[in-house]
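A.B. asks: Here you go, sequence then predicted model.
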Amino acid sequence: MTEKSGYGSVRTWGGPDRGDGTCYLMPDEGRLAVEVALATGRPLLLRGKPGCGKSSLAMHVAHELDWRYYEHVVTYRTQASDLLWTYDTVRRLADAQARANGGEELNDHRYVRPGPLWWAYARDSALRRGAPPDLAVPGVAARNGGPQDTCEEPFVKLNESRSRYGAVVLIDEIDKADPDVPNGLLVPLGSGKFRVTETGTVVRMEQRTEPGPAPARHLVVITTNEERELPQAFLRRCVVASLPSPGKDRLVEIARAHLTDDFWDRDQEALATAVAREVLAAREQAEKDGMRAPSTAEFLDALHACLSLEIRSPADPRWTRLRNLVLLKHQQPEDTAEGDGGR
């Protein structure tokens, strides 16, 4: 796509993450780890430096297996129950106060929002918020003309054509959470079931109702940047793998995979190789300066910027500024010479 402005014609692109898992080069370490996790039924814990492809692996596996995909990005406020369900206590209190003046009868299922593990384990139950199939829960329009109101499924467009009985869940950056969070997930991850406190609903993995292997299949992928040590009990229950940061040749392979919509020629390969070398140099500089090293996504950003702006090589006088814009991002603004402030 080309956008025209006062800066001229700039060819833009959609970014390094296509959001469907189609464009990802699986490292050998990752492939074996996925196979072991599937064989054992254990969660897969991925270690590695930020930007090495840990999070993207989960969506790619879901795409390859034609399984549904769900995710939760962990923050310091995340609780273990957020991965299972949340309950809107404030809204229920407001509705209870309104009902005191003659409102509709309250149903606790109405205030339940299923979390990613619930969606993975029991999609049909999650759609009903855990209510029995014959119990109508007021408050949401019925789907497909049925009597039961439904909860909107995350990633519904991505999942609508995928298997009902297989799902991949990404729990991203679990090291940001309090240690109680991984400990609180031990039982739901190990047993494949949990109980919703407010409604009493017991959620367990759905079984197939059609010919085929009896149990539903799931893969839970958990990532960590090692900001906080994880409990030993949690580590014992995971398949643990470390993904390396891609080297020069691997970065060029990744670039080629992402540029399949364009014409890949020797000039593009030479530019990708040159930018990859610059990324490796930027990593070394970042290590020395105590900065975060550039990620694979930032490598792709730099490469596409070079292609769009016709920066043929790092010898271009614009390269140094481009590197600082895309690859070396200082935590604090660097001192700059006084100027006119852009006026």
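C.D. replies: That came through, no problem. Residues are numbered from 1 along each chain as shown.

A.B. asks: Assumed Tyr70 was part of a helix.
C.D. replies: No: under DSSP: H, G, I helix; E, B strand; the rest coil, Tyr70 sits outside any helix and is assigned strand.

A.B. asks: The residue nearest to it when sequence neighbours are not counted: neighbour count?
C.D. replies: Spatial nearest neighbour of Tyr70, excluding adjacent residues (Cβ to Cβ, 6 or more residues apart in numbering): Pro116 at 3.8 Å. Yep, even glycine has a C-beta here, placed from its N, CA and C like the rest. Using other Cβ atoms under 10 Å, Pro116 has 23 neighbouring residues.

A.B. asks: what separates Pro116 from Glu298, distance-wise?
C.D. replies: Pro116 is 27 Å from Glu298, where distance means Cβ to Cβ, to the nearest Å.

A.B. asks: Give me the three-state assignment for the nearest residue to Arg228 once chain neighbours are set aside.
C.D. replies: Leaving aside its sequence neighbours, Arg228 sits nearest to Asp175 (Cβ to Cβ, 6+ apart; 4.5 Å). Under three-state DSSP, Asp175 falls in the helix class.

A.B. asks: CA-only coordinates of the helix or strand that contains Val221 in PDB, if you can.
C.D. replies: Using DSSP states H and E, Val221 maps to strand 217-224. Extracted C-alpha coordinates of strand 217-224, given in PDB (Å, rounded to 0.1, in the frame of the first residue of the first chain):
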ATOM      1  CA  ARG A 217      -6.700 -31.800  23.000                       C
ATOM      2  CA  HIS A 218      -5.200 -28.600  24.400                       C
ATOM      3  CA  LEU A 219      -1.800 -26.900  24.500                       C
ATOM      4  CA  VAL A 220      -1.100 -24.200  27.100                       C
ATOM      5  CA  VAL A 221       2.000 -22.100  26.200                       C
ATOM      6  CA  ILE A 222       3.400 -19.900  28.900                       C
ATOM      7  CA  THR A 223       6.200 -17.400  28.400                       C
ATOM      8  CA  THR A 224       8.600 -15.800  30.700                       C
END
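
A.B. asks: Show the secondary-structure elements that that strand is packed against.
C.D. replies: For strand 217-224, the packing partners by 3 or more Cβ pairs under 8 Å, 6 or more residues apart in numbering; DSSP states H and E come out as helix 28-40, strand 44-47, helix 54-65, helix 116-121, strand 163-172.

A.B. asks: mind putting the ones you listed in JSON lines, mean pLDDT and distance to Leu325 included?
C.D. replies: What follows is those, written out as JSON lines (pLDDT from 0 to 100; distance: least, Cβ to Cβ, whole Å):
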{"stretch": "helix 28-40", "mean pLDDT": "93", "distance to Leu325": "30"}
{"stretch": "strand 44-47", "mean pLDDT": "96", "distance to Leu325": "29"}
{"stretch": "helix 54-65", "mean pLDDT": "93", "distance to Leu325": "23"}
{"stretch": "helix 116-121", "mean pLDDT": "96", "distance to Leu325": "35"}
{"stretch": "strand 163-172", "mean pLDDT": "92", "distance to Leu325": "26"}
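
A.B. asks: where along this protein do the helices fall?
C.D. replies: 28-40, 54-65, 89-99, 116-121, 123-127, 156-159, 180-184, 186-191, 232-236, 248-258, 266-289, 296-309, 319-326 (DSSP state H).

A.B. asks: Using CSV, lay out those helices together with distance to Leu83.
C.D. replies: Converted to CSV, those look like this (distance: least, Cβ to Cβ, whole Å):
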stretch, distance to Leu83
helix 28-40, 17
helix 54-65, 14
helix 89-99, 18
helix 116-121, 5
helix 123-127, 13
helix 156-159, 18
helix 180-184, 8
helix 186-191, 8
helix 232-236, 13
helix 248-258, 30
helix 266-289, 33
helix 296-309, 25
helix 319-326, 34
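
A.B. asks: Could you tell me the least trusted of those?
C.D. replies: Note on these: helix 89-99 shows the lowest mean pLDDT, a mean of 83.

A.B. asks: which ones are touching the residue nearest to Tyr70?
C.D. replies: Applying Cβ atoms under 8 Å, 6 or more residues apart in numbering to Pro116 gives the contacts 70-72, 83, 154, 169-171.

A.B. asks: My guess is Glu287 contacts Ala281. True?
C.D. replies: No: with contacts counted by Cβ atoms under 8 Å, Glu287 stays clear of Ala281, the gap being 10.8 Å.

A.B. asks: quick one, what contacts Ala282?
C.D. replies: Per Cβ under 8 Å, 6+ apart, neighbours of Ala282: 293-294, 323, 327-328.

A.B. asks: For the residues you listed, pick the one with the most neighbours.
C.D. replies: Counting neighbours by other Cβ under 10 Å, Pro294 leads these with 26 neighbours.

A.B. asks: which residue sits closest to that one in space, ignoring its chain neighbours?
C.D. replies: Here the residue nearest Pro294, using Cβ to Cβ, 6+ apart, is Leu327, at 4.2 Å.

A.B. asks: Pretty sure the one you found sits against Ala302.
C.D. replies: Yes: counting by Cβ under 8 Å, Leu327 does reach Ala302; the two are 5.9 Å apart.
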